[in-house]
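Q: make a model of this:
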Amino acid sequence: MKLQAKINIFVIAILLLLAIPVAVSGYLIINDIVFELYHERYASKLKSMSYEIEEAYETLESAGIVELKAYQEGAKKTVLSKLQQYELEDSVYLTVLDEDLKVISAGGPIGEELPVEVIEALEQASSGESWLKLTGVSYYSLFTKTKYWDWRLILLVDNKVLVSKQNEYLILVSFTSIAVFLVIYFISIRVAKTYSDRVSLIQKYLQKMAQGEHSLRLPQTSMHDEISLISEEINDLIHQIELNTEEIEGHKRDLEKRIAERTADLVKTQEYLKIFVNYAPGALAMFDCDMRYIVVSQRWLKDYDRVGKDVIGMSHYDDFPDLPQRLKQVHQRALAGETIAASEDSFLQKDGSLQWIRWEVHPWYEKDGVIGGIIIFSEDITRIKLLEEEKISHLLQGKEIAEKANETKSRFLANMSHELRTPMHAILSFTNLARKRVEDEKVINFLDKIHTSGKRLTHMLNDLLDLSKLEAGKLVPDFRKHDFIAVVKASIDEIHSLLNDKNISVEMEYDGPLMSCFDKKLITQVIVNILSNAIKFSPENSNITITVGNEQIRSTEMLVFSVIDEGMGIPRDELDAVFDSFVQSTKTRVDSGGTGLGLPISKEIIDLHLGNIWAESPPRDKVVGSAFIFQIPLTRNCPTTNNSSQAV
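A: Prediction:
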């Protein structure tokens, strides 16, 4: 299609696109204008009629006879006669109502009886306008209330009158618009033809320029517009092309020389790459997108028994027909841009042995960023794997030996504790009997020392027995629901004499009863152990703070118990070690007594309750002292009857 025809179609399309909104807007505007004109006309007539009534009333008033009924009636008839003589168009009717809304002058569809629609309109407002439908015909009504006598004047305009006037104006505007659009169309076509001829000429010259004719020049015109400027620029461009042709040829020759040099460098680089891959210490192979070999290392050929075989260009899947499907999927993922690796992977050999391989697959890219294929690196780690398995076997054997030794130790401790407790009970019993029968103070002092040492040794034997049970897994907790606050208070009462000996006060912070499920005897043992240590390592006249509460930890409600003393503290690097068996802090092991079993037993008990126990030194917001804290679950399923048993 020629350029002129395209322009004509374009102009027609634009005019049509403009005509539709203009026509719609024109129709709406004409409707509004006609309605406003006739509204103003009829409103003006109603105003004039109101003035007639006001003038008649004011004439009576000026004559001083306004109160005389006869004169008023005469004036009303005169005014009514004038109103009826007003010139109104066909289908425009005047109706006059008195102060009681009785018809005194009927017109159009309103007779002697006032329609309900009119009464409703008058009840809503004394003056105004509305649309009324009377006897099946739609009327535009204007009504007003007079200043004197309270008359109502109503003008009814048949909607057909307004519609006919709107149509007249619409036809006139339509013909005018069509004429204007036709004029615009012919002017546009004429102007477009002028420009399309010049553009076609430029197009022909550009086609010849594209074919290599650089000696042509576009003719210049007297018109100074954009096309003339484009023609001048095209001529300047042609001249510049002629000037630069030789320079371009020189650059072309230089570029060809560079390409030749770069090609030689690329060939050399490819040779270097082949040498690098060929002699790489690991098994390395490079493939294209169809999984055909491009480069392969000597180690690859050696590891996979391909020495002497020409695999370049061969499909990897033809070379390894039994390749597992999962590895083919790995290749496809790498060709999609993913890097996949496996630190160890096993392959069953024909002789039934397992070969362990460490491999990595990742894509390689062309210069334009497109994936050109994949690179596979692999390493045979079968020997390393066998050494690891042998080492693991030795470790398992060592673990088994250590477990047997630990079991033997626990059994020895349990047996020894039982064997020593019997004579120790005898020593304590006979000491008590002897003390009751002896009166010599010196002998009594000796017996008290024997009794104290015996009790300490009994306590140590009990700790050893508890530790052996815990380590052997033979201690079964008896979980019951108890008030933890009551258990703490009972534990404090149990060691009350120790507190009095050093004049140490205890502050306990809690919010009220705290019901939880735990083994009362075991938890009491933990609390007494912690409190005994706090008393042992606290100075006289100091204070111990006990805090009990609950805390949400990883969606589990935990009971939290802490004891804070004002003692010498524990070195930071020993906070974990104090929970190991027979271990005491370097600050407290001298002249402190004890066996280093209380905290390990406490830890085992808290572990049985699925809790945690730890130490802080110094405590938070403190300068000296230590804090021992443990947490156990606040709620758990407790048995309703005692069905649990405890191994001995």
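
Q: skipping its backbone neighbours, what lies nearest residue 285 in space?
A: residue 296 (4.6 Å; CB to CB, 6 or more residues apart in numbering). Glycine gets a C-beta too; all of them are placed from N, C-alpha and C.

Q: neighbours around the one you found, how many?
A: The number of residues packed near residue 296 is 26, by other CB atoms under 10 Å.

Q: next one: residue 242
A: Neighbours of residue 242 using other CB under 10 Å come to 11.

Q: state the distance from the residue nearest to residue 285 to residue 423.
A: From residue 296 across to residue 423, the span is 82 Å (CB to CB, to the nearest Å).

Q: whichever strand or helix holds residue 82 packs against which elements?
A: If you go by DSSP states H and E, residue 82 is part of helix 69-84. If you count contacts as 3 or more CB pairs under 8 Å, 6 or more residues apart in numbering; DSSP states H and E, helix 69-84 packs onto helix 3-63, strand 92-97, strand 103-105.

Q: helix/strand/coil for residue 506?
A: Assigned state for residue 506: strand (three-state reduction, DSSP: H, G, I helix; E, B strand; the rest coil).

Q: quick one: secondary structure of the closest residue to it other than its chain neighbours?
A: Leaving aside its sequence neighbours, residue 506 sits nearest to residue 544 (CB to CB, 6+ apart; 5.1 Å). Following three-state DSSP, residue 544 is assigned to strand.

Q: next one: residue 629
A: strand.

Q: tell me what the closest residue to it other than its chain neighbours is bridged to.
A: Closest residue in space to residue 629, ignoring its immediate chain neighbours: residue 562 at 4.2 Å, by CB to CB, 6+ apart. Counting by DSSP bridges, residue 562 forms beta bridges with residue 547, residue 629.

Q: measure how buried residue 562 is and give me the count.
A: Residues near residue 562, counting by other CB under 10 Å: 18.

Q: now do the same contact list for it.
A: By CB atoms under 8 Å, 6 or more residues apart in numbering, the contact set of residue 562 is 546-547, 627-630.

Q: against residue 254, how distant is it?
A: Plainly put, residue 562 is 84 Å away from residue 254 if you go by CB to CB.

Q: same deal with residue 341?
A: Counting by CB to CB, the gap from residue 341 to residue 254 is 46 Å.

Q: and what of residue 541?
A: 99 Å.

Q: again, but for residue 151
A: 106 Å.

Q: same deal with residue 616?
A: Distance, residue 616 to residue 254, using CB to CB: 78 Å.

Q: break this structure down into its domains, please.
A: As given by automatic domain parsing, the domain ranges for the chain are 3-171, 281-380, 387-454, 478-633.

Q: out of these, nearest to residue 243?
A: domain 3-171 (31.6 Å; CB to CB).

Q: what about the closest one, average pLDDT?
A: In this model, domain 3-171 has an average pLDDT of 70.

Q: what do you get for stretch 247-261?
A: 79.

Q: for the stretch 401-550 of the chain, give me the ranges with low pLDDT.
A: Along the stretch 401-550 of the chain, the parts satisfying pLDDT under 70 run over 403, 405-422, 424-425, 455-474.

Q: let me see the ranges of the helices in it.
A: Under the criterion DSSP state H, counting those that start in this stretch, the stretch 401-550 of the chain contains helices at 441-472, 484-494, 496-501, 520-536.

Q: from the chain's centroid, how far away is the third one?
A: Right, helix 496-501. Counting by CA atoms, centre = their mean, to the nearest Å, helix 496-501 is centred 59 Å from the centre of its parent chain.

Q: alpha carbons of it, as CSV, please.
A: Taking C-alpha atoms only, helix 496-501 is exported to CSV below (Å, rounded to 0.1, in the frame of the first residue of the first chain):
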residue,chain,number,x,y,z
HIS,A,496,18.4,-24.7,108.5
SER,A,497,21.2,-25.6,111.0
LEU,A,498,23.9,-24.9,108.3
LEU,A,499,22.4,-21.5,107.7
ASN,A,500,22.4,-20.7,111.4
ASP,A,501,26.1,-21.8,111.9
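
Q: buried set for it?
A: By 16 or more other CB atoms under 10 Å, the buried positions in helix 496-501 come out as residue 499.

Q: and it, what other elements does it pack with?
A: helix 520-536.

Q: which helices and strands does the helix it packs on pack with?
A: helix 484-494, helix 496-501, strand 543-553, strand 556-564, helix 598-608, strand 627-633.

Q: the inter-axis angle of the fourth one versus strand 543-553?
A: This means strand 556-564. Interaxial angle, strand 556-564 versus strand 543-553 (axes from the mean of the first three to the mean of the last three CA atoms, to 10 degrees): 170 degrees.

Q: average pLDDT for strand 556-564?
A: Rounded mean pLDDT across strand 556-564 is 92.

Q: and that strand, how far out from the chain middle?
A: Centre-to-centre, strand 556-564 and its host chain are 35 Å apart (CA atoms, centre = their mean).

Q: give me the buried positions along it.
A: 558-564.

Q: ditto for the fifth one
A: By neighbour count, with 16+ other CB under 10 Å as the criterion, the buried positions of helix 598-608 are 598-606, 608.

Q: which one among these gets closest to residue 145?
A: The closest of the buried residues of helix 598-608 to residue 145 turns out to be residue 606 (CB to CB; 97.3 Å).

Q: now that closest one: how far from residue 530?
A: 11 Å.

Q: which outside residues touch the helix holding residue 82?
A: With contact meaning CB under 8 Å, 6+ apart, helix 69-84 is reached by 49, 52-53, 56-57, 59-60, 65-66, 94, 96, 104-105, 149, 153.

Q: report the buried members of the residues you listed.
A: Among those, the ones that count as buried by 16+ other CB under 10 Å are 49, 52-53, 56-57, 60, 94, 96, 105, 149, 153.

Q: quick revisit: for the helix holding residue 82, the distance to its chain's centre please.
A: On the basis of CA atoms, centre = their mean, helix 69-84 sits 85 Å off its chain's mean C-alpha point.

Q: between it and strand 92-97, how many degrees?
A: In terms of direction (the same axes, to 10 degrees), helix 69-84 departs from strand 92-97 by 170 degrees.

Q: with just CA atoms, put helix 69-84 into CSV.
A: Coordinates of each C-alpha in helix 69-84 appear next as CSV, following Å, rounded to 0.1, in the frame of the first residue of the first chain:
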residue,chain,number,x,y,z
LYS,A,69,-63.2,42.2,50.2
ALA,A,70,-65.1,43.5,47.2
TYR,A,71,-62.1,45.4,45.9
GLN,A,72,-59.9,42.4,46.5
GLU,A,73,-62.2,40.0,44.6
GLY,A,74,-62.3,42.5,41.7
ALA,A,75,-58.6,42.8,41.6
LYS,A,76,-58.1,39.0,41.7
LYS,A,77,-60.5,38.6,38.7
THR,A,78,-58.6,41.3,36.8
VAL,A,79,-55.2,39.7,37.5
LEU,A,80,-56.6,36.2,36.7
SER,A,81,-57.8,37.5,33.3
LYS,A,82,-54.4,39.0,32.6
LEU,A,83,-52.6,35.7,33.5
GLN,A,84,-54.9,33.8,31.2
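
Q: how about that helix: buried residues?
A: 72, 75-76, 79-80, 83.

Q: put together a markdown table for those, with distance to residue 509 on each row.
A: Shown next, in a markdown table, are the buried residues of helix 69-84 (distance: CB to CB, whole Å):
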| residue | distance to residue 509 |
| --- | --- |
| 72 | 102 |
| 75 | 104 |
| 76 | 102 |
| 79 | 102 |
| 80 | 103 |
| 83 | 101 |
